[in-house]
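Build me a structure from this.
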Amino acid sequence: MEATQLTMQMAPFGGSLPDLEIPMINTMVACLGSEHRRLNELTMQLAFAATRLAADSDAVAAWQRATELWDEIRQTLWPHLQIEEELVFSWGEAHHAISGPVLDTLRAERQEMHNLVAALSTSGAKAEPQGFADRGAFAQTLLGVARTLDSHVERYDGEVLPSIRRALFRK
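Just a heads-up that it's a prediction; the model follows:
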């Protein structure tokens, strides 16, 4: 029986990448980019709804819309961040695809996102509109989430994901 030999490419750190790793990472980058487009759309809608809610905290329709959008973002966000964490903080760091200062910025951004999400979970985001004590604070926290997500998508699409792709194809 003859053993099949995998063709190898040189990895940025001097080792080698199996042929299957390159399309797998490239596909992950493409999927993250697609998810970023969806998150960007939802983030713009969330910012609009949160701005309306901040302007009129008695508006039940604005509260409902902001809550619906947050629920949709939240369902997508955690799995998305977990994939990014494995790709960027594990693979990207091990293959020197992302610089130390950028990784530090990404970690700070991730911590800010966790803090905002924690604030939303303790603020009563799932409460009935009439039972929510401070819709203005809820709206401001949602605006913070929207700003952080907007920055996240811009940084990843403009800097992080292209760096991962460049690292895949370095000779």
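
Could you verify my assumption that residue 153 touches residue 43?
Yes: between residue 153 and residue 43 there is a contact under CB atoms under 8 Å: 7.2 Å. Using the backbone N, CA and C atoms, a C-beta is placed for each residue, glycine as well.

Compare neighbour counts for the two and give me the winner.
residue 43 (22 against 19; other CB atoms under 10 Å).

And that one, how close does it get to residue 69?
According to CB to CB, to the nearest Å, residue 43 stands 9 Å off from residue 69.

Spit out the contact partners of the closest residue to residue 97 other than its chain neighbours.
In this structure, residue 97 finds its nearest non-sequential neighbour in residue 167, 3.4 Å apart by CB to CB, 6 or more residues apart in numbering. Taking CB atoms under 8 Å, 6 or more residues apart in numbering, we find residue 167 in contact with 12, 92, 95, 96, 97.

So residue 167 versus residue 92, what's the distance?
Distance of residue 167 to residue 92, computed by CB to CB: 7 Å.

Helix or strand next in line after the longest helix seen in the chain, which one?
Assignment by DSSP state H gives helix 21-55 as the longest helix of the chain. Counting by DSSP states H and E, the next helix or strand C-terminal to helix 21-55 is helix 60-84.

Just want the angle from that next one to helix 21-55.
Orientation check (axes from the mean of the first three to the mean of the last three CA atoms, to 10 degrees): helix 60-84 against helix 21-55 gives 160 degrees.

list the helices and strands helix 60-84 packs on?
Here helix 60-84 touches helix 21-55, helix 100-123, helix 135-155, going by 3 or more CB pairs under 8 Å, 6 or more residues apart in numbering; DSSP states H and E.
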